[in-house]
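S.K.: Following is a predicted model, sequence given first.
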Amino acid sequence: MLFNDYSYLLRNILMLSYLISCYTFHAKLYKKLRNRIVKMSLLPRLVSTSVAIADHAGKLIRDIMSKGDLGIVTKEHAKDLQTKADRNAQKCIIGSLQKHFPKIKIIGEEEEEGTSDNIVDPSSIKVLDIKCPPEYENLKEEEVVVWVDPLDGTAEYTEGLLDHVTVLIGIATGGKAIGGIIHQPYYNYQNPGSPLGRTIWSTVGGNFGGITLQSPPSDSFIVTTTRSHSSSTVNDAVASVNPTQVLRVGGAGHKVLLLIEGKAHAYVFASPGCKKWDTCAPQAVLEAVGGTLADISGVPIPYDADAPHRNSTGVLAVASGVNFTEVLNKIPEHVKNNLKA
Ligand SMILES: Nc1ncnc2c1ncn2[C@@H]1O[C@H](COP(=O)(O)O)[C@@H](OP(=O)(O)O)[C@H]1O
Ligand SMILES: [Mg+2]
Ligand SMILES: [Mg+2]
Ligand SMILES: [Mg+2]
């Protein structure tokens, strides 16, 4: 009896010391990771944190779709839709960015402000191997503008074209896109067994991750453009660059991923419909891999806090290795002038 009591006590002491050592180990590891992220300069810290935030927003987007009540409303016109997923993802992204970076300027597509629910937990932030170009080593929060598209490709989301959907977080300073996060919440959704979703990140002049750069075929010229916001000017511009194939798909983020993965040579959108939150993150990711994105006349798009939200002069982008000027020179003057007017 006495022996049983002792062995019981001994077992409990061993168990307790095991639990304490596990706790201490994890607490030390957590502290080490926190210290690493706190010591990083602002740009890599903002990119690492935004990757975790975009992943979390992607989960909210999938949850809303799986529950089936999308809460669709129209905004400026019948083809300009917004769902509960756009609204909830925006609240989560803005709330989380404000909590971690209180002084940065954040401009989001939707009207929703950040809330304290669904704030990304610091323990979900992984320290990624992000290179900070030397000119941004001392960047301050007050100098940064973040352009947020909580759900790009809303029209396609409502129609079940789920791989067209992305979450876009674009980081800008001095009017330039310098970092981007593109999260694709439904990547692999048609390949059960493969990991669902992926996140691509970049710093311009630094590095990128989450995607493998591939060149488009050399014996064709594939153009990607809008699927749900076409017009005669949009179609004229596409035809003018003599495509061998046209991929009409949703989302600015998705179209830029096609350029990076070698599925298209150029993204041509001669329309004032795209906004800065549609292009900032895609531009930063595309430029980090050697591609180019500007307006339909080749003029750089400004991303300052006071820049107009609308990209009124359209969008023209090419994959790495495709000559931007050659494509630009094929866009007719009447298309460029239509957008200037
Ligand atoms: N005429 C238009 N009106 C409103 N939004 C437009 C538009 N043309 C393009 N956009 C926006 O630009 C993004 C890319 O468009 P597209 O998929 O047609 O290429 C989409 O972002 P959102 O889905 O985030 O609203 C889309 O709504
Ligand atoms: Mg929208
Ligand atoms: Mg968008
Ligand atoms: Mg959107």
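M.R.: Here it is on my side, so go on. Ligands and ions are numbered 1, 2, ... in the order given.

S.K.: And the helices in the stretch 151-300 of the chain, which stretches?
M.R.: For the stretch 151-300 of the chain, the helices defined by DSSP state H, counting those that start in this stretch occupy 154-158, 232-240, 252-260, 276-288.

S.K.: What residues of stretch 173-182 count as buried?
M.R.: 173, 176-182 (16 or more other CB atoms under 10 Å). Bear in mind the C-beta positions are built from the backbone N, C-alpha and C, glycine included.

S.K.: quick check, nearest of those residues to ligand 1?
M.R.: Closest approach to ligand 1 among the buried residues of stretch 173-182 (CB to the nearest ligand atom): I182, at 12.5 Å.

S.K.: Quick check, that closest one in contact with L259.
M.R.: No: under the criterion of CB atoms under 8 Å, I182 is not in contact with L259, lying 11.7 Å apart.

S.K.: element containing the closest residue in space to G298 that isn't next to it in sequence?
M.R.: Spatial nearest neighbour of G298, excluding adjacent residues (CB to CB, 6 or more residues apart in numbering): L328 at 4.6 Å. For L328, the element it lies in under DSSP states H and E is helix 324-330.

S.K.: residues of that helix that come out buried?
M.R.: In helix 324-330, counting by 16+ other CB under 10 Å, buried: 324, 327-328.

S.K.: Can you name every helix or strand that it contacts?
M.R.: Here helix 324-330 touches strand 315-318, going by 3 or more CB pairs under 8 Å, 6 or more residues apart in numbering; DSSP states H and E.

S.K.: okay, the strand it packs on in PDB with CA atoms only?
M.R.: Output in PDB follows, covering the C-alpha atoms of strand 315-318 (Å, rounded to 0.1, in the frame of the first residue of the first chain):
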ATOM      1  CA  VAL A 315      -3.300  48.700 -66.500                       C
ATOM      2  CA  LEU A 316      -0.600  47.100 -68.700                       C
ATOM      3  CA  ALA A 317       1.700  44.400 -67.300                       C
ATOM      4  CA  VAL A 318       4.200  41.900 -68.800                       C
END
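
S.K.: Show residues contacting it.
M.R.: 252, 255-256, 259, 265-269, 274, 279, 282-283, 286, 291-296, 298, 301, 324, 327-328, 331 (CB atoms under 8 Å, 6 or more residues apart in numbering).

S.K.: is any part of stretch 247-255 close to ligand 3?
M.R.: No: against ligand 3, stretch 247-255 shows no contacts by CB under 5 Å from the ion, the least distance being 5.7 Å.

S.K.: so how far does that stretch reach from one end to the other?
M.R.: 9 Å (CA to CA, to the nearest Å).

S.K.: That stretch close to ligand 4?
M.R.: No: applying CB under 5 Å from the ion, one finds stretch 247-255 separated from ligand 4 by no less than 8.4 Å.

S.K.: Quickly note the distance from I106 to ligand 4.
M.R.: 15 Å (CB to the ion, to the nearest Å).

S.K.: ok, for that residue, nearest residue in space, not its chain neighbours?
M.R.: V146 (4.9 Å).

S.K.: check which helix or strand covers that neighbour.
M.R.: Per DSSP H and E: strand 145-152 holds V146.

S.K.: How is this structure divided into domains?
M.R.: 42-123+134-209, 222-338 (the TED database).

S.K.: Number of residues surrounding the residue nearest to I106?
M.R.: Burial measure for V146: 26 neighbouring residues, criterion other CB atoms under 10 Å.

S.K.: do the same with P282
M.R.: Neighbours around P282, by other CB under 10 Å: 33.

S.K.: The one 3 residues further on too?
M.R.: A count of nearby residues for V285, using other CB under 10 Å, gives 31.

S.K.: so what's it up against?
M.R.: Per CB under 8 Å, 6+ apart, neighbours of V285: 180, 182, 200-202, 208, 256, 260.

S.K.: Pipe those into CSV and attach distance to ligand 1 and pLDDT per row.
M.R.: What follows is those, written out as CSV (distance: CB to the nearest ligand atom, whole Å; pLDDT from 0 to 100):
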residue, distance to ligand 1, pLDDT
G180, 15, 98
I182, 12, 98
I200, 17, 98
W201, 19, 98
S202, 20, 98
F208, 22, 98
V256, 11, 99
I260, 16, 98
